[in-house]
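Asks: got a predicted structure here, sequence first:
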Amino acid sequence: MTNLKRLDHVAVLVPDLDQALGFWQDQLGLSLDHVEIISSMAVKIAFLPLGESEIELVQPTTEDSGLAKYLSKRGPGLHHICIETDDISAKLAELTQKGVRLIDQEPVLMDDGRQLAFIHPKSTGGVLLELYQLP
């Protein structure tokens, strides 16, 4: 059985990153580490470290992306949780053998070397779950 290591982040979908940062930074007191634009996913993400995990504020950068459609249909709020694993390919194979419905059958390789994959909410009790393997 592949190890799950820690909660990596909780992602909150927001329509306006600057407005959302007003609460998370100014009211709650979290520090902004950095903001990153990921063109391939049409998102702008603010990373707010919290202990060994992070809060990620995610804003769609196009009006026709999947996240923009999700936002217009369901509104802002919790989008997904992410758990780090030490071997994402093995974990996906293990989950597939157990009949778990995956969104990504294979890990997606990001520019910084991270690998990620999403598990369908229908298999998790309604929560979109992301798995990460850090480089």
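Replies: Noted; the coordinates are in hand.
Asks: could you use CA atoms for every contact and neighbour count after this?
Replies: Noted.
Asks: which stretches of the chain form strands?
Replies: According to DSSP state E, the chain carries its strands in the segments 4-13, 34-38, 43-50, 53-60, 77-85, 108-109, 115-119, 129-133.
Asks: out of those, nearest to residue 95?
Replies: strand 115-119 (9.1 Å; C-alpha to C-alpha).
Asks: for the closest one, list the C-alpha coordinates in CSV.
Replies: Output in CSV follows, covering the C-alpha atoms of strand 115-119 (Å, rounded to 0.1, in the frame of the first residue of the first chain):
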residue,chain,number,x,y,z
GLN,A,115,3.0,15.3,-10.5
LEU,A,116,-0.7,15.5,-9.8
ALA,A,117,-3.9,13.6,-10.4
PHE,A,118,-7.5,14.2,-9.4
ILE,A,119,-9.9,11.6,-7.9
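Asks: tilt between it and strand 129-133?
Replies: 160 degrees (axes from the mean of the first three to the mean of the last three C-alpha atoms, to 10 degrees).
Asks: and the contacts of strand 115-119?
Replies: With C-alpha atoms under 8 Å, 6 or more residues apart in numbering as the test, strand 115-119 has contacts from 88, 100-110, 128-135.
Asks: could you dump the strands of the chain into TSV and include mean neighbour count?
Replies: Formatted as TSV, these follow (neighbours: other C-alpha atoms under 10 Å):
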stretch	mean neighbour count
strand 4-13	19
strand 34-38	13
strand 43-50	20
strand 53-60	23
strand 77-85	19
strand 108-109	13
strand 115-119	21
strand 129-133	22
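Asks: same list (these) but as JSON lines, adding distance to residue 28.
Replies: Output for the strands of the chain, formatted as JSON lines (distance: least, C-alpha to C-alpha, whole Å):
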{"stretch": "strand 4-13", "distance to residue 28": "15"}
{"stretch": "strand 34-38", "distance to residue 28": "17"}
{"stretch": "strand 43-50", "distance to residue 28": "11"}
{"stretch": "strand 53-60", "distance to residue 28": "12"}
{"stretch": "strand 77-85", "distance to residue 28": "16"}
{"stretch": "strand 108-109", "distance to residue 28": "33"}
{"stretch": "strand 115-119", "distance to residue 28": "29"}
{"stretch": "strand 129-133", "distance to residue 28": "25"}
